[in-house]
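Asker: what's the 3D shape of this:
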Amino acid sequence: MTDSQETRVLGIDPGLNITGYGVISIRVREISVVEAGVIRSKRTDSFPARLNSIHQGVTDVIESLKPDCVGLEDLYSHYERPQTAIIMGHARGVIGLAVGQNELPLHSYAATQIKKVLTGNGRAPKVQVQHAVARQLNLREIPEPADVADALAIALCHYFLSLRTATLT
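Answerer: Next up, the predicted model:
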């Protein structure tokens with residue numbers, strides 16, 4: 001990577017109510033936040049309308065912020081709440097569709113892997129992840145809401161793991 005080259009990584013924390021996103025910029029291993037926020041769907045809308053809101057929001061983020069690749073949190077299913085995993089699968093599906101329509105590479109990471117890469121502990125609490133994200137990105141305050149911190153953590157995880165892979169080849 002030369003001084004003028006920039007790589008942008010979009011991290012997405014999928015959710016039906018709130019989908020967090022964060023785009024980081026990497027220039028010669030200097031990392032900064034381009035933009036981070038949330039995409040909200042209305043609880044009163046129909047299920048298809050909510051999925052459409054997520055798809056359109058992710059599409060808008062991709063078109064305006066021009067990431068080079070996307071990191072997405074894997075599905076996690078707790079045996080006591082399988083319905084949640086099914087609903088999240090739909091949200092992940094429309095996010096994947098938006099990414100595919102924009103012909104971007106998509107990389108999935110387990111929540112435990114993201115936490116381990118950022119904090120050294122795969123079972124770290126959300127506040128520890130928020131502090132790790134703030135430290136890595138030289139932010140004055142921890143990112144809020146937690147969905148934004150999670151999205152930035154996913155983007156950072158992708159960057160750090162791609163660095164490791166690049167140095168091994």
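Asker: buried sites along the longest helix anywhere in the chain?
Answerer: The longest helix of the chain (DSSP state H) is helix 146-168. Neighbour-count burial for helix 146-168 flags 146-159, 161-162 (criterion: 16 or more other CB atoms under 10 Å). Just so you know, the C-beta spots here come from the backbone N, C-alpha and C atoms, and that holds for glycine as well.
Asker: And the residues you listed, which is closest to Asn52?
Answerer: Of all these, Asn52 sits closest to Asp147, with 19.3 Å by CB to CB.
Asker: Let me see the contact set for that closest one.
Answerer: Residues counted as contacts of Asp147 (CB atoms under 8 Å, 6 or more residues apart in numbering) are 13, 15, 18-20, 38.
Asker: sorry, back to before: can you show me the CA trace of the longest helix of the chain as PDB?
Answerer: What follows is helix 146-168, C-alpha atoms only, in PDB (Å, rounded to 0.1, in the frame of the first residue of the first chain):
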ATOM      1  CA  ALA A 146     -23.200  -0.700  21.300                       C
ATOM      2  CA  ASP A 147     -24.400  -1.600  17.800                       C
ATOM      3  CA  VAL A 148     -22.000   1.000  16.400                       C
ATOM      4  CA  ALA A 149     -19.100  -0.200  18.500                       C
ATOM      5  CA  ASP A 150     -19.800  -3.800  17.400                       C
ATOM      6  CA  ALA A 151     -19.900  -2.700  13.700                       C
ATOM      7  CA  LEU A 152     -16.500  -0.900  14.100                       C
ATOM      8  CA  ALA A 153     -15.200  -4.000  16.000                       C
ATOM      9  CA  ILE A 154     -16.200  -6.200  13.000                       C
ATOM     10  CA  ALA A 155     -14.400  -3.800  10.600                       C
ATOM     11  CA  LEU A 156     -11.300  -3.800  12.800                       C
ATOM     12  CA  CYS A 157     -11.400  -7.600  13.100                       C
ATOM     13  CA  HIS A 158     -11.400  -7.900   9.400                       C
ATOM     14  CA  TYR A 159      -8.500  -5.500   9.000                       C
ATOM     15  CA  PHE A 160      -6.400  -7.200  11.600                       C
ATOM     16  CA  LEU A 161      -7.100 -10.700  10.300                       C
ATOM     17  CA  SER A 162      -6.300  -9.700   6.700                       C
ATOM     18  CA  LEU A 163      -3.000  -8.200   7.900                       C
ATOM     19  CA  ARG A 164      -2.100 -11.500   9.500                       C
ATOM     20  CA  THR A 165      -3.000 -13.400   6.300                       C
ATOM     21  CA  ALA A 166      -1.100 -11.000   4.100                       C
ATOM     22  CA  THR A 167       2.100 -11.400   6.200                       C
ATOM     23  CA  LEU A 168       1.800 -15.200   6.000                       C
END
